[in-house]
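**Student:** with the input below, show me the fold.
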Amino acid sequence: MTNHHVNENPAKNGNEKHPKKGIEKPANEDIQYSKQLYKDASQRVTKAYIIMISFVLVFLFGAFLPYFSIQHQREGSLSDSILNDLAKLGRLTLQQENISKSIQNRFDAPTQAAMNDYQRLDDYFRKLELIRSEAIASSSNLSVSQLETLVPTFFVCNQQFQINITNWVTCNAKFAADSMNKKIIIRYQPLTLQIEPLAKKAKENLDAFNLIAMPLLSENNKEVITKLPSSVDPESWRSSISNSLGVMKTMEANSNSILKFVSYNKSAQSLAWEVLNNPSGFRLAYTDQHRKDFNNVVNLLNQSKNEIKNAMKTLSEKFEEVEVPVLGTVPLGLANVVIIYPAAVGFGCLICLYYLGETISRRKMFENKLGSNLDRDLYPLWVDPDEGNRIIRYGRLILFIILPILILFTIMYLLTSNPIKDGSIFGTNENSILIVSVITGILLTILGVAMLIIKERDYNREQDNE
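**Tutor:** I've put the predicted structure just below:
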């Protein structure tokens, strides 16, 4: 029976030694060596292809597509500049509240003192009126010393005491009131210098708020219109900013009102009349509820932004160090993985095609040793030049490279139809770098196919020569 693996015809090899001496024939050594070369090459193809497919799929679904998705989520969210503007608006409203509180506290001190003084003055008037009533009812003369023990009196008024008790009471009331009003006026005088810089700052805050808020409220602001997350209602967005702007204007106007009040030269009677008859008119109306509502909207936006940042951070941590076959643990970084991924797919495909071409060459050497005794079913090739049907032969080649090719063209489609606009690496647009990486991967794959076709033609050419 003919052996399909080893040529046992001694006529084909004159160097055969006598079998009884236990020395193998040189022809058999060549055959075994060629056979081992083929097996090694075939194993390399299998191993390289498994590694490549594993790499392609793992990094596609584990790195590239998630990164691509997160980048577009980031681009689809409000920019950091808008979030910074919103943070500035929040700080301005808080500053405006603090300014209003400071002005109110400065104004409240002399105002409360004035209210207390007027209460004491009112009590004094009552005592004077009581003395006058008692004197008139008793028709008796009271001495000056007796009156002074009952209520403080002014010396200049005492001469009226014996003449007309009513004039005496009126004189004391007038002097007491004038003295009290002058003291109150003196208390308010320093407030102008204290409140003026605060009122000026309130005006500056309002102008700054208005400058930032107007573009955000504009209906032509496409970024705000298109990038607000679903959790934020556009009307609530505008309402929160508009309400804050309205409160800022109110607080600024109230600050100016108090400044005008304390800086305007009023008579003592006029000041007393305004404070006593309308004390609530000098209360600055402010509330922090509008700021809380505004901050709720900002927090929703920041939450959406932070979710994207956390997703990117989590993904990046997975690729700080990557376990690579043969090389071991290699520090890569997510951005580097994404950038080199398309080119690495092409390079992996090139390596596999190179090893496949080497397997063709090794099997040709093995076939040359065995001649027609080679059983191709036992020593197969994924792309077999001996396959007469070209459709089957090249169809198997296409199947060999179909996955990396599909991935490369899919990535190219994603990058061209929905490019990454905001990302940049070393000042160059990230999308452009990725396209170059994809083109590199495609060219490397084409190079590998060309190398394999050359190997196949060399194989066929040798066949024809035989």
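
**Student:** what helix or strand is P380 on?
**Tutor:** Secondary structure assignment for P380, by DSSP states H and E: no helix or strand.

**Student:** what about it, neighbour count?
**Tutor:** Residues lying near P380 (other Cβ atoms under 10 Å) number 11. Heads up, the C-betas are built off the backbone N, CA and C, glycines and all.

**Student:** so who does it touch?
**Tutor:** Remark: with contacts taken as Cβ atoms under 8 Å, 6 or more residues apart in numbering, P380 is in contact with nothing.

**Student:** so where's this structure uncertain?
**Tutor:** Scanning the chain with the threshold set as pLDDT under 70 gives 1-27, 138-150, 159-162, 265-290, 321-332, 371-377, 384, 386-388, 422-427, 462-466.

**Student:** could you pull out the strands for it?
**Tutor:** Applying DSSP state E to the chain gives strands spanning 321-324, 328-331, 424-425, 428-429.

**Student:** number of residues surrounding K203?
**Tutor:** Each residue near K203 was counted by other Cβ under 10 Å, and the total is 14.

**Student:** I392 versus the nearest residue to it once chain neighbours are set aside, what's the distance?
**Tutor:** Leaving aside its chain neighbours, K203 sits nearest to E252 (5.8 Å; criterion: Cβ to Cβ, 6 or more residues apart in numbering). E252 sits 84 Å away from I392, going by Cβ to Cβ, to the nearest Å.

**Student:** of these two, which one has the most company?
**Tutor:** Residue environment comparison for E252 versus I392 gives the larger neighbour count to E252, 22 against 12, counting by other Cβ under 10 Å.

**Student:** wait, doesn't the more buried one sit right on E204?
**Tutor:** No. With contact defined as Cβ atoms under 8 Å, E252 and E204 do not form a contacting pair (9.5 Å).

**Student:** check contacts around the residue most central in space within the chain.
**Tutor:** What sits nearest the mean C-alpha location of the chain, by Cα atoms, centre = their mean, is K305, with 4.2 Å. By Cβ under 8 Å, 6+ apart, the contact list for K305 reads S77, L78, D80, L83.

**Student:** buried among those? Make that a ChimeraX selection.
**Tutor:** Buried residues within these, by 16 or more other Cβ atoms under 10 Å, are selected in ChimeraX with:
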select :77,78,83
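
**Student:** distance to V156 added to the contacts of K305, as TSV?
**Tutor:** Below are the contacts of K305 laid out as TSV (distance: Cβ to Cβ, whole Å):
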residue	distance to V156
S77	79
L78	75
D80	74
L83	71
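
**Student:** please look at F366 and Y38 and confirm they touch.
**Tutor:** Yes. The criterion here is Cβ under 8 Å, and F366 meets it with Y38 at 4.7 Å.

**Student:** quick check: domain ranges of this protein?
**Tutor:** In the assignment given by automatic domain parsing, the structural domains of the chain cover 23-76+319-465, 80-301.

**Student:** can I get those in TSV with distance to K309?
**Tutor:** Output for these, formatted as TSV (distance: least, Cβ to Cβ, whole Å):
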stretch	distance to K309
domain 23-76+319-465	8
domain 80-301	10
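
**Student:** closest one to N310 among those?
**Tutor:** With Cβ to Cβ as the measure, domain 23-76+319-465 is the member of those nearest N310 (10.0 Å).

**Student:** off-centre distance for the closest one?
**Tutor:** Once both centres are worked out by Cα atoms, centre = their mean, to the nearest Å, domain 23-76+319-465 turns out to sit 38 Å from its chain's centre.

**Student:** how near is L381 to A311?
**Tutor:** 45 Å.

**Student:** what of Y354?
**Tutor:** According to Cβ to Cβ, Y354 stands 38 Å off from A311.

**Student:** what does E97 give?
**Tutor:** Using Cβ to Cβ, we find E97 at a distance of 36 Å from A311.

**Student:** likewise L121?
**Tutor:** Using Cβ to Cβ, we find L121 at a distance of 70 Å from A311.

**Student:** over to L408?
**Tutor:** Counting by Cβ to Cβ, the separation of L408 from A311 is 26 Å.

**Student:** and if you look at M412?
**Tutor:** M412 sits 25 Å away from A311, going by Cβ to Cβ.

**Student:** same check on I185?
**Tutor:** The spacing between I185 and A311, counted by Cβ to Cβ, is 65 Å.

**Student:** kindly report the same for N158.
**Tutor:** Counting by Cβ to Cβ, the separation of N158 from A311 is 89 Å.

**Student:** same thing with P404?
**Tutor:** Summarising the geometry, the distance separating P404 from A311, computed by Cβ to Cβ, is 27 Å.

**Student:** show me which of these two is the more surrounded one.
**Tutor:** Relative neighbour count places P404 above the other of P404 and A311, with 27 against 16, counting by other Cβ under 10 Å.

**Student:** surely that one is in contact with F347?
**Tutor:** No. The pair P404 / F347 is not scored as a contact, 9.9 Å apart, by Cβ under 8 Å.

**Student:** in the stretch 351-466 of the chain, which spans are helices?
**Tutor:** Applying DSSP state H, counting those that start in this stretch to the stretch 351-466 of the chain gives helices spanning 390-417, 430-465.

**Student:** give the other helices and strands that the first one contacts.
**Tutor:** Spelled out, that is helix 390-417. Helices and strands touching helix 390-417, by 3 or more Cβ pairs under 8 Å, 6 or more residues apart in numbering; DSSP states H and E, are helix 26-59, helix 334-370, helix 430-465.

**Student:** just give me the neighbour total for P419.
**Tutor:** When neighbours are defined as other Cβ under 10 Å, P419 has 16 of them.

**Student:** next, it: phi, psi?
**Tutor:** The phi and psi values for P419, taken as degrees, to the nearest 10, are phi -70, psi 160.

**Student:** any idea how far I392 is from it?
**Tutor:** From P419 across to I392, the span is 40 Å (Cβ to Cβ).

**Student:** likewise for S361?
**Tutor:** 21 Å.

**Student:** just L300 next, same as before
**Tutor:** With distances taken as Cβ to Cβ, L300 is found 60 Å from I392.

**Student:** what does F175 give?
**Tutor:** From F175 across to I392, the span is 124 Å (Cβ to Cβ).

**Student:** so where do the helices sit in the stretch 101-250 of the chain?
**Tutor:** If DSSP H, counting those that start in this stretch is used as the criterion, the helices of the stretch 101-250 of the chain fall at 144-150, 155-158, 165-188, 191-217, 222-227, 234-263.
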